[in-house]
Every structure is written in C-alpha cells, then in structure tokens.
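> Based on what follows, work out the 3D shape:
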Amino acid sequence: MPETGDTETAPEAKPSKRPLMIGIVLALLGAAAGFYTMWSGLIPLGGGHGSIAQGPAAGAAASDMPMGDLVFVPVVPVVVSVGQGAARSHLRFAAELEVKAAHKSDVENLMPRIVDVTNTYLRALKLADIEDAQALIRLRAQLLRRMQVVTGEGRINDLLIMEFVLN
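Numbers count the residues shown, from 1 in each chain. As a prediction, the model looks like this:
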C-alpha cells in the first residue's frame with residue numbers, strides 16, 4: 001500500500017543566473033573591443049570605392065594630404081525654378097570643387113559640362129525634394145558623383161556647397 005503522508009513534491013530549484021551573467025559580461029567585452037577597434041583605426045571608416053563617407057582625398061585621411069596640394073575651383077552659380085504654378089520658387093545654388101592642384105586646369109576646362117550636369121539635376125528636383133531635412137546631404141552626394149563622372153576618376157575630391165537659397 002502506498003504511503004499517503006509523504007505526497008509533497010520537492011521544491012523546484014530556481015534557474016541559475018550564471019548563463020545570464022556570462023552573456024552580459026561577454027556582450028560588454030564585445031562592445032568594448034568594438035569601440036577600441038574603431039577608435040584606434042584598426043578598421044577604416046567609410047564605404048567602398050567612391051563612397052561619400054570617405055571624405056577628402058577619396059580614402060586618405062585629411063591629415064595625410066598636404067594642404068598645399070589642394071585648390072578650390074568655383075562652380076558657376078546656377079539659378080533654377082522649382083515647383084509649378086503658384087508654388088513656383090527659385091533655387092540659387094553656388095559651390096566650389098576641392099581638387100588636387102595637378103587637376104585644376106582639367107576641371108576648369110570641363111566647367112561647362114559640370115554646370116550642365118548641375119543644371120540638369122537641379123531642374124529635375126521637386127519642391128518636396130528640397131524641403132526634406134536630409135535634402136542637402138542627398139543633393140550634395142548626387143551632384144558630387146555626377147561631377148566625378150564628368151571629370152573622370154580621381155579629379156574631384158569633394159563638393160562644398162557655398163549657397164543654397166530657395167526664394
């Protein structure tokens with residue numbers, strides 16, 4: 001006959017917090033290692049070839065490039081109409097191109113093509129495209145890439161927007 005007095009079950013053991021603590025410690029170590037790797041420069045920032053994130057000198061750090069090697073070539077200012085009907089506005093755009101001194105004359109000779117590309121791109125914009133908070137960043141990246149295609153690889157390092165006024 002079975003005993004009925006000892007029918008109580010053993011209390012359940014609480015799950016161990018040891019795996020959770022090990023996970024937290026490993027996550028913190030991984031975060032610290034990632035921070036140190038990026039901070040020390042072991043992994044270069046920026047995207048692939050031609051990325052806007054690479055900044056000046058297309059991949060070289062700004063401090064690596066001698067300042068005497070850079071010149072700025074002004075782009076002819078452009079005024080385009082944006083929008084339609086009563087919502088028509090005018091966009092005044094002026095910029096300068098950061099180029100290596102050796103390529104200055106090449107870029108100046110191609111200025112009519114650069115202005116044409118600028119004009120064509122800006123005329124294709126809608127008013128909503130310009131009013132967006134990130135518009136200037138996108139516009140700068142798009143224009144820089146188009147200008148680099150026109151002038152050839154490695155001639156234009158950066159595009160500096162000097163004036164961007166919507167009236």
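> all strands for this protein, in order.
70-82, 89-100, 156-166 (DSSP state E).
> Now do the second one, average pLDDT.
Averaging pLDDT along strand 89-100 gives 93.
> same deal with the longest one?
For strand 70-82, the mean pLDDT works out to 92.
> How about residues contacting that strand?
Identification of contacts with strand 70-82 by C-beta atoms under 8 Å, 6 or more residues apart in numbering yields 56, 88-101, 104, 107-108, 111, 114-115, 118-119, 122-123, 125-127, 130, 157, 160, 163, 166. C-betas here are computed from N, CA, C, even on glycine.
> Filter those down to the buried ones.
91, 93-95, 97-100, 104, 107, 111, 114, 118, 122, 125, 130, 157 (16 or more other C-beta atoms under 10 Å).
> what about the closest residue to Arg123 other than its chain neighbours, neighbour count?
Distance criterion C-beta to C-beta, 6 or more residues apart in numbering; nearest residue to Arg123, sequence neighbours excluded, is Val80 at 5.1 Å. By the measure other C-beta atoms under 10 Å, the count of residues near Val80 is 17.
> what about Val80, distance to Gln142?
Distance from Val80 to Gln142, counting by C-beta to C-beta, to the nearest Å: 15 Å.
> would you list every one of the helices in this protein?
18-40, 104-109, 111-124, 127-131, 135-151 (DSSP state H).
> how about those helices in a markdown table, adding distance to Val71?
Formatted as a markdown table, those follow (distance: least, C-beta to C-beta, whole Å):
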| stretch | distance to Val71 |
| --- | --- |
| helix 18-40 | 32 |
| helix 104-109 | 5 |
| helix 111-124 | 14 |
| helix 127-131 | 30 |
| helix 135-151 | 14 |
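> TSV for those, including mean pLDDT?
Shown next, in TSV, are these (pLDDT from 0 to 100):
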stretch	mean pLDDT
helix 18-40	88
helix 104-109	94
helix 111-124	93
helix 127-131	84
helix 135-151	93
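> Leu69 reaches Lys104, doesn't it?
For residue 69 the amino acid is Asp, not Leu. No: with contact defined as C-beta atoms under 8 Å, Asp69 does not reach Lys104; the gap is 10.7 Å.
> Pull up the gap between Ala95 and Ala133, please.
The value you get for Ala95 to Ala133, if C-beta to C-beta is used, is 20 Å.
> Same question for Leu29.
For Leu29, the distance to Ala133 - C-beta to C-beta - is 37 Å.
> which one of the two has more residues nearby?
Between Leu29 and Ala133, Leu29 has the larger neighbour count (other C-beta under 10 Å), namely 10 against 6.
> among the strands of the chain, which is nearest Ser40?
For these, distance to Ser40 was read as C-beta to C-beta. The smallest value, 25.5 Å, belongs to strand 156-166.
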